[in-house]
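K.L.:
here are the coordinates; sequence isn't available:
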């Protein structure tokens with residue numbers, strides 16, 4: 001719901017109607033909105049996940065450049081990520 005709400009910021013009337021449906025527990029209307037805007041929501045989620053993965057890759061590369069003798073916890077952190 002949060003992703004769709006943020007997508008609807010470009011149409012404040014639709015955003016307000018969607019918010020009202022969520023707050024009132026109107027599942028049918030909420031489902032209709034999700035169906036109508038599915039491709040936009042999917043694109044936004046893909047973009048978010050890809051951006052997050054890129055950040056993780058950059059952080060991992062930075063961590064791997066550290067000297068384990070100076071930063072002994074880096075291998076443990078990398079193993080958990």
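P.N.:
On my side now, so go ahead. Since we're looking at a predicted model, the values are computed, not measured.

K.L.:
and the worst-scoring helix or strand of the chain on mean pLDDT, which residues are buried?
P.N.:
Lowest by mean pLDDT, DSSP states H and E among the helices and strands of the chain is helix 74-80, with a mean of 87. Under the neighbour-count criterion of 16 or more other C-beta atoms under 10 Å, helix 74-80 has residue 74 buried. For every residue, glycine as well, the C-beta is placed using N, CA and C.

K.L.:
which strands and helices lie in contact with that helix?
P.N.:
Secondary-structure packing of helix 74-80 (3 or more C-beta pairs under 8 Å, 6 or more residues apart in numbering; DSSP states H and E): helix 38-64.

K.L.:
what average pLDDT does the helix it packs on get?
P.N.:
Averaged across helix 38-64, the pLDDT comes to 95.

K.L.:
report the distance from it to the chain centre.
P.N.:
Centre-to-centre, helix 38-64 and its host chain are 8 Å apart (C-alpha atoms, centre = their mean, to the nearest Å).

K.L.:
got it, and stretch 59-66?
P.N.:
24 Å.

K.L.:
residues in contact with it?
P.N.:
By C-beta atoms under 8 Å, 6 or more residues apart in numbering, the list of residues contacting stretch 59-66 from outside reads 71, 74, 77, 78, 81.

K.L.:
need the max-distance pair from those.
P.N.:
Based on C-beta to C-beta, the longest span within the contacts of stretch 59-66 runs between 71 and 81 and measures 14.6 Å.

K.L.:
settle it for me: which of these two has more neighbours?
P.N.:
residue 71 (12 against 9; other C-beta atoms under 10 Å).

K.L.:
good, wrapping up.
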